[in-house]
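# Return a 3D structure for these sequence lines:
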Amino acid sequence: MASPGLRDIPLLPGSPRRLSPRAGSKGGQDPKHGQQYLKVLGPRAPDLQGSSNRDSGQSCGGGRAHNSSIVNNYMDANEPVFSEACLSLMHFRDNQRKVDYVLAYHYRKRGAHPVHGFPGHSLAIVSNGETGKERHAGGPGDIELGPLDALEEERKEQREEFEHNLLEAGLELEKDLESKNQGSVFVRIHAPWQVLAREAEFLKIKVPTKKKMYEIRSEGSITKKFNEILQKLSSPLKPRVPEHSNDRMKNLSYPFSREKMYLYNIQDKDTFFDNATRSRIVHEILKRTACSRANNTMGINSLIANNIYEAAYPLHDGEYDSPGDDMNDRKLLYQEWACYGVFYKFQPIDLIRKYFGEKIGLYFAWLGLYTSFLIPSSIIGVIVFLYGCATIEEDIPSKEMCDQQNAFTMCPLCDKSCDYWNLSSACGTARASHLFDNPATVFFSIFMALWATMFLENWKRLQMRLGYFWDLTGVEEEEERAQEHSRPEYETKVREKMLKESDKSVVQKFGTNMSEREDEDDEDKLTWKDRFPGYLMNFTSILFMIALTFSIVFAVIVYRITTAAALSLNKATRSNVRVTVTATAVIINLVVILILDEIYGAVASWLTKIEVPKTEQTFEERLILKAFLLKFVNAYSPIFYVAFFKGRFVGRPGSYVYVFDGYRMEECAPGGCLMELCIQLSIIMLGKQLIQNNIFEIGVPKLKKLFRKLKDETELGETDSAHSKHPEQWDLDYSLEPYTGLTPEYMEMIIQFGFVTLFVASFPLAPVFALLNNVIEVRLDAKKFVTELRRPDAVRTKDIGIWFDILSGIGKFSVISNAFVIAVTSDFIPRLVYQYAYSHNGTLHGFVNHTLSFFNVSQLKEGTQPENSQFDPEVQFCRFKDYREPPWAPNPYEFSKQYWSVLSARLAFVIIFQNLVMFLSVLVDWMIPDIPTDISDQIKKEKSLLVDFFLKEEHEKLKLMDEPAPRSQGEGHQSRRSLAASSAPSGRSQPGSIASSGSQHTNV
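The predicted structure follows:
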């Protein structure tokens, strides 16, 4: 019997704007079977009213003060609400059904009319599935909602239809009432056991069987001993989590099937599927649920894109900083992974995968392997740098440059204002260049090329190992299913095309059934003609952006030239011209790179949107390619200029190349461009990591969170004070930043990988700074995912996708770039040529004099001679760095034989270096198998174990069925039927049932 003060009103499909209590039984007839109802709180007697107010006023610590305004299906109004409900922040009002997913939307009313006959009462509406019961019709007045504008009313109807379709799919919903003029409403979704079992079978989710964990045995006593020693040594570095990876043990898993329930160890149906799996199942239902009112829109993503809902997200497992000893996965991840104090520990990859899903788990596994591989490269880089420091006093060319007795008089660096200068004044630059320009850098370049190959090969092995332990076989089918879901923008574009080209009947054909859409003709899809404007815009925009980047690099070159000329006019600044110009130009490059990085990211996203890819995976891949191309050009253009172009087009004294009238092209320092390349690379790399990767990642999310908090607090001042002090978990998660994907995280690491590999010959300490950054980056990303982002949907994937191809491409390109850095930028090849072809004693004595050419100062152009020269006026010849014939030769100032010898040696070195390193890389790739031997053996063993387990379980099942045979035949048949019923899957609950389908159990 219904409790006093409750009346039942039919909830008709389409959600009418006017609800009347008399609509429950039209003409005195009983309501139709299967009709849903609204239970509306009516006027109470004074004593009941007072008790009601007291009950609603008890907030249970403030967390459940608003429970009187709840829309909850599958819940009887007579069901008491216990105070224990206040203890849970992740359950329905009954504290039994878990919230698996949350939909949030914002509503706004023009005005609210008080309901006649209900003075001072808020509406408490409960949607119930009761059917065929006698109802009491009649009541004081009609219930009228405030007038809504057309758009808001349309959105409301679309939401109600979508939620009705979710109920038809078997989900259970609970939501707050729209009792204010405006505000946010959260629709909580619970998936009962029948829905979980049905969807798990459809998705072929692998779950543990009754078979206990079996040990993966290591073949060979030496390997086993080594692994045991390694485990003991690394035990202090392991995080204290129960789910930490034990790579010697594994569960025997099998895809879930309702017909084989006896195979699984189902002790508690509420916990058999973990939270990530439950939310993933609900998300799959949300993606394929259609809404006919929204132009037959398919899925929650389309509804969010059309502002029907504002957000959809699974809940975090409670708070990460809650006081007390109660522990959840989120709090455990925060303590053992997201804190900076545990930077020295391994990552709990299995727990990350369990909480966030395989896609995010693979990212952090890749980041951890990359960071660990930076340790040996950092050690070798430091050794190379220390070798340069130790041998700096033994470097003959730098000694000759610093020897003032040689007195090499160099030609002026600029016209008029610059004087002749002694080569010994560049002693400091020459000595510093030796730190990075020494024979050890060649070895280090070869090592880093092999290092990149070994890193990629080891990642493939780790990826296979994780795929085996995480049961990622069969993910291809899930990826194919993901291709079936079109992006909302694609659907909108197709709809617009059909509206333009077809009549109304074809439009109606589009809105028939989503299952028929796949069989439609090409006229219902976007062809290359439809995409051609987008492709053309992409092509022209990318070319424009690349040209813009090159233009900015050229503008910085002009700045360097003009600033150097201006500073040379002043005697006070003339001595520090090169240092000042280099430092300021690098800082300008850094600022421009940071600004253009943000612009190019937004431009790449916009270009990908106008290209209208059909699926999310295609959209992500095209976005990655565009963003990487633009950011690669942006980050490395200044470095490529210094490495390969600066000083190559200067000309010679008497015939210089001028950019503008009076401004000569800049040239390298006397010690070469390698030192400047090192400065450019180090400042851009460190500045990018410090400013963009860390400060932006820390500061920007905090500012966004603060802005959202201030916006919510100032919104009409309608926030419930008790509720704001003790918010629910869905409120806390709603205030977090939405998860936007892993592209930014991967992109910054890929660009860093380029810094580490492409120009490592000029900066051996790059791996060291990358390692220091990544130690912080791992914890920074971890803290962001755990504390600042909404919980992402668990996505299963077998690899890191297109990022591996980009890494492989950078690794191969780094071989070529390092070969040219050594051959062209450094003095390694000229020194070798001189030592073995031109030196009289096989040493480098006389190398500096060999690299300097003569110029007759009388042949300087009129107006370019130094003014007020402090040098001897009888100076006849000045020197400049190049291989040219002297003025007294038959062909003065032409390239000498030494020039062609050095050029041939450089080209030969590039060819030999490239082919040697490529051959060694292929050899390493061949020597390291992609699939570890123990994993390949274990996959075969698991198949046989699974067959044995099936046969054993089937035998036990048949044995149990044959046991009652000696009894009467009827009892035997009855026993077989009951046993078959117990092993068969439970039928799915009908939308009209009273009891929660989560309360039904299957005997296993």
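
# Tell me the secondary structure at Arg93.
Put simply, Arg93 is coil when judged by DSSP: H, G, I helix; E, B strand; the rest coil.

# just checking, it touches Lys175?
No. Arg93 lies out of contact with Lys175 (C-beta atoms under 8 Å); the separation is 11.0 Å. C-beta here means a position set from N, CA and C on the backbone, and glycine is covered the same way.

# Quick check, pLDDT for the spatially most central residue of the chain.
Nearest residue to the geometric centre of the chain (C-alpha atoms, centre = their mean): Leu742, 0.6 Å. On pLDDT, Leu742 comes in at 90.

# Skipping its backbone neighbours, what lies nearest it in space?
Of all residues not flanking Leu742 in the chain, Tyr363 sits nearest, at 5.2 Å (C-beta to C-beta, 6 or more residues apart in numbering).

# surely the residue nearest to the centre of the chain meets Gly361?
No. The pair Leu742 / Gly361 is not scored as a contact, 11.1 Å apart, by C-beta under 8 Å.

# what about the strands in the stretch 651-800 of the chain?
Remark: strands assigned in the stretch 651-800 of the chain by DSSP state E, counting those that start in this stretch are 651-652, 655-656, 658-660, 663-664.

# Next: the stretch 301-450 of the chain.
All strands of the stretch 301-450 of the chain, identified by DSSP E, counting those that start in this stretch, fall at 311-313, 409-410, 421-422.

# Return stretch 423-430 as CSV; C-alpha atoms alone will do.
The C-alpha trace of stretch 423-430 is given here as CSV (Å, rounded to 0.1, in the frame of the first residue of the first chain):
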residue,chain,number,x,y,z
LEU,A,423,92.6,34.8,-33.7
SER,A,424,93.9,34.3,-30.1
SER,A,425,91.0,36.5,-28.9
ALA,A,426,88.6,33.6,-29.7
CYS,A,427,90.6,31.2,-27.4
GLY,A,428,87.7,30.7,-25.0
THR,A,429,85.3,29.7,-27.8
ALA,A,430,87.8,27.3,-29.2
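
# Can you get me a residue count around the residue lying closest to Ser377 once chain neighbours are set aside?
Spatially, and ignoring its direct neighbours in sequence, Ser377 is nearest to Pro767 (4.0 Å; C-beta to C-beta, 6+ apart). Neighbourhood size, Pro767 [other C-beta atoms under 10 Å]: 26.

# Please give me every residue in contact with Pro767.
Pro767 is in contact with Leu374, Ser377, Ser378, Ile380, Gly381, Met448, Val756, Val760, counting by C-beta atoms under 8 Å, 6 or more residues apart in numbering.

# which one in those residues is the model shakiest on?
Out of the contacts of Pro767, that is Val760, at 87.

# Distance of the nearest residue to that one once chain neighbours are set aside relative to Leu369?
With C-beta to C-beta, 6+ apart as the criterion, Val760 has its nearest non-adjacent residue at 4.7 Å, and that residue is Met448. According to C-beta to C-beta, to the nearest Å, Met448 and Leu369 sit 16 Å apart.

# Where in this structure is the helix or strand with the lowest mean pLDDT?
strand 18-19 (a mean of 32; mean pLDDT, DSSP states H and E).

# Look through the chain and tell me its longest helix.
Taking DSSP state H as the criterion, the chain has its longest helix at helix 528-568.

# Enumerate the residue intervals of the stretch 851-1000 of the chain where per-residue confidence is below the cut-off.
In the predicted model, the stretch 851-1000 of the chain carries pLDDT under 70 at residues 872, 963-1000.

# likewise the stretch 101-250 of the chain?
In the predicted model, the stretch 101-250 of the chain carries pLDDT under 70 at residues 109-149, 211-221, 223-224, 243-249.

# Recalculate using a threshold of 90.
Confidence mapping of the stretch 101-250 of the chain against pLDDT under 90 gives the ranges 105-165, 168-170, 174-186, 199-250.

# Also the stretch 501-650 of the chain?
Along the stretch 501-650 of the chain, the parts satisfying pLDDT under 90 run over 501-535, 538, 557-586, 589, 594, 597-598, 601, 609-621, 642-650.

# Start from the N-terminal end of it and give the helices.
504-510, 514-517, 528-568, 571-574, 577-611, 616-644 (DSSP state H, counting those that start in this stretch).

# Ok, which of those comes nearest Thr787?
With C-beta to C-beta as the criterion, Thr787 lies closest to helix 577-611 of the helices of the stretch 501-650 of the chain, at 23.8 Å.

# I'd like the helices of the stretch 501-650 of the chain as JSON lines, with distance to Ile392 and mean neighbour count appended.
Listed next are those as JSON lines, based on distance: least, C-beta to C-beta, whole Å; neighbours: other C-beta atoms under 10 Å:
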{"stretch": "helix 504-510", "distance to Ile392": "75", "mean neighbour count": "12"}
{"stretch": "helix 514-517", "distance to Ile392": "72", "mean neighbour count": "14"}
{"stretch": "helix 528-568", "distance to Ile392": "28", "mean neighbour count": "15"}
{"stretch": "helix 571-574", "distance to Ile392": "28", "mean neighbour count": "11"}
{"stretch": "helix 577-611", "distance to Ile392": "20", "mean neighbour count": "17"}
{"stretch": "helix 616-644", "distance to Ile392": "23", "mean neighbour count": "20"}
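
# what's stretch 890-901 in contact with?
Applying C-beta under 8 Å, 6+ apart, the contact partners of stretch 890-901 are 652, 654-655, 833, 837-838, 850, 853, 855, 882-887.
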